[in-house]
Structure formats: structure tokens, C-alpha cells
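In: sequence and computational prediction follow.
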Amino acid sequence: SDVIYAPTFSANRIGLGMYGLEDHVSEFNEKLVALAKRAAGDRALVAGDMTTTGRLPETENDERYREWIEIYSEQARALSGAGADLIVLETMLTIEEASAALEAIQESCLLPVMVSFTVSADGRLLFGGSIEEAVSTMEALGADAVGVNCSVGPEQLESTVRAMRSATKLPLIVKPNAGMPRMDELGQAHYDMTAEAFAEAMEILIARGARLIGGCCGTDPETILALRRFKAAPHE
């Protein structure tokens, strides 16, 4: 990998608050970035990973917007202070929250920011709006790269990548799951897409404009290795 994500996904005041640790945001982010940087050495950049608070916009959302600003600013300062090379804002559900988060990050540090959304197979955000609206809004607000993560498998994302490419000039992030999940009797998700099949499906998305590529749910080191080898191999 050229970039690895520090495991700080929900290390914000809301996520840590579920465990009574809301006053330990700086501590968790600093230690987790340090672990990631130790693992990466000089072989990869380390991104500070941030995600949705799970608090959706309200009809009168000025107060909610200020809350988002405070939450994301706190984590962004911690990630920057810990030495993250960039910040990735991923699995975002609404344009409103992503906008607040991006503003908070930009006010808190000078690191590059990548923003990716979770969408359904038709390219719609889960709580309203299209991926075209989302990426064009993030570009206008100063994001450095935009795209999608999680969502579905690579085979379901070709039209979404086409739509994003038509809506923005920024580098496109595409980090899908290892296919569609199969649920067992206990409600656990299982992903059956092989590493090779994932890499082959991603080649189509690269041809459609994907530039920052990786794997989300159900992917593992073998998936990333196959993707790296496949991307480097000559193809007709």
C-alpha cells in the first residue's frame, strides 16, 4: 500500500463516548497514529481516519452543524498533532455532515483531506442526494480527493465512477467491499469475492477514472496484494 489508514475511524467524542472515554480523544488518536506510523515506517503514508458521528441533520440544523464542527475539529487537531500525513474522511452519509467535517478539518490543520461517501448501487447517498452532488460540493469546498468507500462491491460501481468522473476533476477514491455480503443464520456478513476477482473488477473502474484504489469490508492483505500486482501487470 502507498497509504494506510490509522485505526482512528470512530475515535471521536461520540464514538469514544459509547465507552465512557469521550475525554480521551487526543490520547487515542495520538497512540493509534503512532502505531500506524511504526508499522508503515518509510514505506507508506499514514492517513488519520475519520468518519460520520451518526448524528443526522435536523430541520433546524444550525446547532447540529456547530456540534459537528466541534467534534471534527477536536479529532483533526489530535491527528495532525500526532503526525498523520493526511486525513481521510470516509463512509460519510450526508453532504451536510461531510461539509461541516471538511470545514472543521481545514480550520484545524493544513493536512490534505480526502473525502469518500457510502452510496447505494444506483449512486444515491443513503440519506439523500446523489454522488455527483456530493463530490462536486466537496471539490468546491477544497477537498483534495473525493470518492466512495464501503457501499457495494466493485462490480456494482461502474456507473457510479462514471458519474463521479463527469462531476469533478479531483482524483477519485474507489474503495469497495469484497462483493456483496452473504448473511449467515447469526446475522454475520461473509464476503466470498476472491482477491483475483476483486482486482479484475477494479481494472474496469480504473479505466473509468478511479485513481486512489483500495479495499473495504471483506478485503484483506491478499486482496490488496492482488490489486497491486494486477495494477502493475501489463494488460491489453
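Out: Great, that's in hand. Numbering: from 1, shown residues only.
In: closest to the centroid, which residue in this protein?
Out: Glu90 (2.5 Å; C-alpha atoms, centre = their mean).
In: check contacts around that one.
Out: 5, 9, 49-51, 114-116, 149-150, 175 (C-beta atoms under 8 Å, 6 or more residues apart in numbering). The C-beta positions use only the backbone N, C-alpha and C, and glycine is treated the same way.
In: among those residues, which lie within strands?
Out: 5, 49-51, 114-116, 149-150, 175 (DSSP state E).
In: ok, and the closest non-adjacent residue to Glu74?
Out: Val25 (5.4 Å; C-beta to C-beta, 6 or more residues apart in numbering).
In: ok so, going back, and the residue nearest to the centre of the chain, what helix or strand is that in?
Out: Element membership of Glu90, judged by DSSP states H and E, is strand 86-92.
In: pull that strand out as PDB, backbone CA atoms only.
Out: The C-alpha atoms that make up strand 86-92 are tabulated as PDB, following Å, rounded to 0.1, in the frame of the first residue of the first chain:
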ATOM      1  CA  LEU A  86      -3.100  13.400   5.600                       C
ATOM      2  CA  ILE A  87      -6.700  13.000   6.700                       C
ATOM      3  CA  VAL A  88      -9.300  10.800   5.200                       C
ATOM      4  CA  LEU A  89     -13.000  11.400   5.900                       C
ATOM      5  CA  GLU A  90     -14.700   8.200   4.900                       C
ATOM      6  CA  THR A  91     -18.000   6.300   5.000                       C
ATOM      7  CA  MET A  92     -19.900   9.700   5.000                       C
END
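In: which neighbours in the sheet does it have, and how are they oriented?
Out: strand 45-51 (parallel), strand 113-117 (parallel) (DSSP bridges).
In: deepest-packed of these, please.
Out: strand 113-117 (a mean of 27; mean count of other C-beta atoms under 10 Å).
In: export that strand as PDB, just CAs?
Out: Extracted in PDB, the C-alpha atoms of strand 113-117 (Å, rounded to 0.1, in the frame of the first residue of the first chain):
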ATOM      1  CA  VAL A 113      -8.100  15.900   3.000                       C
ATOM      2  CA  MET A 114      -9.700  13.000   1.100                       C
ATOM      3  CA  VAL A 115     -13.500  12.600   1.400                       C
ATOM      4  CA  SER A 116     -15.400   9.400   0.500                       C
ATOM      5  CA  PHE A 117     -19.100   8.600   0.800                       C
END
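In: would you mind measuring the gap between the ends of stretch 50-67?
Out: 16 Å (C-alpha to C-alpha, to the nearest Å).
In: hmm, back to that, I'd like the contacts of Glu90 laid out as a markdown table, including pLDDT and distance to Met138.
Out: Below are the contacts of Glu90 laid out as a markdown table (pLDDT from 0 to 100; distance: C-beta to C-beta, whole Å):
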| residue | pLDDT | distance to Met138 |
| --- | --- | --- |
| Tyr5 | 98 | 18 |
| Phe9 | 97 | 19 |
| Asp49 | 98 | 17 |
| Met50 | 98 | 14 |
| Thr51 | 98 | 15 |
| Met114 | 98 | 9 |
| Val115 | 98 | 5 |
| Ser116 | 98 | 9 |
| Asn149 | 97 | 14 |
| Cys150 | 95 | 17 |
| Lys175 | 98 | 15 |
